[in-house]
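> one predicted model, sequence on top.
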Amino acid sequence: MKWNFIFLLGLVLLFPGCRNAEKPEKKPPTPPPAIQTRLHGCRRCHRDIRPGRNHNFACTKCHAGNPDGASEKEAHAGLLARPAHPDSMARTCGRCHQQQVENIRASLHFSLSKAVNLVRKHFGARDTLKNLTEIPVVLHPATKLQLADDMLRRRCLRCHVYSSGDDYAYTRRGTGCAACHMAFAGGKLLSHTMIRAPGDQQCLSCHYANTVGADYYGRFEQDFGSEYRTPFTTSQPYTRPYGVEYHNLVPDIHQQRGLSCIDCHSGPELMTADRRDKLSCSTCHQWRQNHKKSLPDNLTVENGNLVLTARHSGKKYLVPQLTDPAHAQYDGRVTCQVCHAQWSFNDSTTYLLRSETDDYGPWEHLRIQSSSEVENLLDRSLNDDADVIPVMKDGITGKERPGIWYKGFLQRRWENIIIRRDKDGLIKIFRPILDLRLSADDSEGKVLFDNVAGNKPDLLPYTPHTTGPAGMMYRYRFAGLLDKPAPPPPEK
């Protein structure tokens, strides 16, 4: 026993740490990985942002700002929140894509000059504007042209690259270059990866409602009145991806086959002012007759046949050539869609009222307006019983001005396709694009303008993107027009 005790005592003296076995020494905590504590610049706060492979450089190259700022205020000094906006894109996107930026400024997609001048001259303008930004700003319209200018800036031209679009799930988008080349979902930016070839979702963020593009997908917007819309069974708020519910009609046969918008409407057509190479039906389907014309880069000749390669899927399509004798019989007299359009937009008449009154009650049944700004104002005034000032933003500058633009229709139809002879002698499909009536009242409810119409004609040629089989009765669409003379040109 004595020797056992001495042996145990020696172990304790030899290994003193054993005396504190029940209280082990505390080690300092392991520091987190350096990437979690030493992120530099913008990434210190914006950790989830991942630029695309082709734009994997410092955030400040596009957004400016101060990456060394110690606070949000310091870091955001000089920040460009929307670097692709037309006011900024030359010094951001243009540093690498100078030629594309210069080209796009002159394109119709950018300037909207065709639409702007069409409406303005319909209401009496004699000058021609190069860009929508040149539309005069009017505080208190005194003429019908001034009324039309205010309508264009604040209600009509909602789809342009100066604006982020209506605040609906599928219509929110970027500005400038980002309008087509960045992806949004649910009204928010999906990622910082730039899209080289825009998909149909980017196109439809502007080309929705009853405009060209929506018809390609067979979508016909329902009327604004609640009794004409579905679903009928709920009074609770629900998502309207494009602002107003739509009827699902037959889509264009090209969409059914899997072709996207840019398979026909390519970059050179959309991003430049040169429209000489604009595609038509004959470009593809009468290729053998027009074989000397240059083809877009997604059309090739393989084994004596014309083949289209889809820009997104890469799938190849054999392009059928025209064989029915009717094509030769009516070529040069009847346009393709007169026979092949399955349906067309026919909204008449479109009424627009500029009102400065705060009496919102009459609009209870028309609170859906295909304008998120007007709808939000009506919801606040009719639901919250709040004092809502009747002001509306300029769609180009974002500045508020007095007056709200309300909208409604006499009727909305698709089944009656309007067919006329145009002044060039061709039989075409028309739609009442300029069948507009403008009205206005002041803050006291006094009528300033009442159902002001523009100059004739109201009907303009239109190409429905609703292509399908002609069917057996196609001749009855235009038989009575073949021998009639072309109408005289309108008086200037």
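Right, received. Where do you want to start? Residues are numbered from 1 along each chain as shown.

> any weak-confidence spans in the stretch 251-400 of the chain?
Flagging of the stretch 251-400 of the chain using pLDDT under 70 yields the residue ranges 274-277, 291-292, 385.

> what segments of it are strands?
Taking DSSP state E, counting those that start in this stretch to define them, one finds strands in the stretch 251-400 of the chain at 299-302, 305-309, 316-318, 346-355, 391-393, 400-402.

> closest to residue 186 out of those strands?
Nearest of the strands of the stretch 251-400 of the chain to residue 186, taken as Cβ to Cβ: strand 391-393 at 22.5 Å. (Glycine included, C-beta is placed from N, CA and C.)

> for the closest one, name the packing helices and strands.
With contacts defined as 3 or more Cβ pairs under 8 Å, 6 or more residues apart in numbering; DSSP states H and E, the packing partners of strand 391-393 are helix 372-383, strand 400-402, strand 404-413.

> switch to 6 Å and redo it
Strand 391-393 sits against strand 400-402, with contacts defined as 3 or more Cβ pairs under 6 Å, 6 or more residues apart in numbering; DSSP states H and E.

> what does the strand it packs on contact?
Contact partners of strand 400-402, identified using Cβ atoms under 6 Å, 6 or more residues apart in numbering, comprise 356, 391, 393.

> in its sheet, what does it sit against?
strand 391-393 (antiparallel) (DSSP bridges).

> how about the strand it pairs with: buried residues?
Neighbour counts over strand 391-393 (16 or more other Cβ atoms under 10 Å) mark residue 392 as buried.

> a strand runs through residue 173, doesn't it?
No - secondary structure assignment (DSSP: H, G, I helix; E, B strand; the rest coil) places residue 173 in coil, not in a strand.

> which residue, neighbours along the chain excluded, lies closest to it?
Nearest-residue entry for residue 173: residue 205, 4.3 Å, with adjacent residues in sequence omitted and distances by Cβ to Cβ, 6 or more residues apart in numbering.

> how about that neighbour, what does it touch?
Residues in contact with residue 205 (Cβ under 6 Å, 6+ apart) are 165, 171, 173.

> how near is it to residue 174?
Shown here: residue 205 relative to residue 174, a distance of 9 Å by Cβ to Cβ, to the nearest Å.

> pLDDT score for residue 13?
At residue 13, the pLDDT value in this model is 41.

> my error: substitute residue 491 in the last question.
For residue 491, pLDDT reads 60.

> quick one, domains of the chain?
Here the domain parsing of the chain from automatic domain parsing is 39-81, 105-233+240-252+341-481.

> quick one: the strands in the stretch 101-250 of the chain?
Using DSSP E, counting those that start in this stretch, strands in the stretch 101-250 of the chain cover 184-185, 188-189, 219-221, 246-248.

> who are the packing partners of the first one?
By that I understand strand 184-185. Packed against strand 184-185, as judged by 3+ Cβ pairs under 6 Å, 6+ apart, are no other helices or strands.

> isn't residue 334 right up against residue 427?
Yes - assessed by Cβ atoms under 6 Å, residue 334 is found in contact with residue 427 at 4.6 Å.

> contacts for stretch 267-281?
With contact meaning Cβ under 6 Å, 6+ apart, stretch 267-281 is reached by 103, 104, 106, 107, 109, 264, 336.

> and residue 478, how far from residue 338?
6 Å.

> hey, what's in contact with both of the two?
The contact sets of residue 478 and residue 338 overlap at 419, 427 (Cβ under 6 Å, 6+ apart).

> thinking again about what came up before, list just the nearest of the contacts of strand 400-402 to residue 443.
Closest approach between these and residue 443, by Cβ to Cβ: residue 356, at 4.4 Å.

> find the nearest non-adjacent residue to the closest one, please.
Using Cβ to Cβ, 6+ apart and skipping the chain neighbours, the partner closest in space to residue 356 is residue 443 (4.4 Å).

> how about the backbone phi and psi for the one you found?
With angles defined as degrees, to the nearest 10, residue 443 sits at phi -70, psi -20.

> any idea how many residues pack against it?
By other Cβ atoms under 10 Å, 12 other residues sit near residue 443.

> rewinding a little: in terms of mean pLDDT, which of the domains of the chain ranks lowest?
domain 39-81 (a mean of 85).

> roughly how far is that domain from the heart of the chain?
In terms of Cα atoms, centre = their mean, to the nearest Å, the centre of domain 39-81 is set 28 Å apart from its chain centre.

> again, but for stretch 84-99
Centroid separation for stretch 84-99 versus its chain: 20 Å, with Cα atoms, centre = their mean.

> what are the buried residues along it?
Quick answer for stretch 84-99 (16+ other Cβ under 10 Å): 84, 85, 86, 88, 89, 92, 93.

> spatially nearest residue to the fifth one, not counting backbone neighbours?
It refers to residue 89. Going by Cβ to Cβ, 6+ apart, residue 89 has residue 176 as its nearest residue, at 4.5 Å.

> look up how far residue 483 lies from the one you found.
Computed with Cβ to Cβ, the distance linking residue 176 and residue 483 is 51 Å.

> between these two, who's got more neighbours?
Higher neighbour count among residue 176 and residue 483: residue 176, with 24 against 6, using other Cβ under 10 Å.

> for the more buried one, list the residues it contacts.
By Cβ under 6 Å, 6+ apart, residue 176 lies in contact with 84, 85, 86, 89, 161.

> so who does the first one touch?
When the contact criterion is Cβ under 6 Å, 6+ apart, the partners of residue 84 are 93, 174, 176, 177, 178.

> how about those, which pair is most distant?
93 and 174 (11.3 Å).

> need the residues that contact stretch 207-219.
When contacts are defined by Cβ under 6 Å, 6+ apart, stretch 207-219 is touched by residues 203-204, 221, 242, 246, 248-252, 255, 345, 347, 370, 464-466.

> just give the nearest non-adjacent residue to the residue most central in space within the chain, would you?
Nearest to the mean C-alpha position of the chain, counting by Cα atoms, centre = their mean, stands residue 206 at 1.9 Å. Leaving out its chain neighbours, the residue that sits closest to residue 206 by Cβ to Cβ, 6+ apart is residue 159, at 3.7 Å.

> distance of the one you found relative to residue 205?
Here the criterion is Cβ to Cβ. By it, residue 159 lies 8 Å from residue 205.
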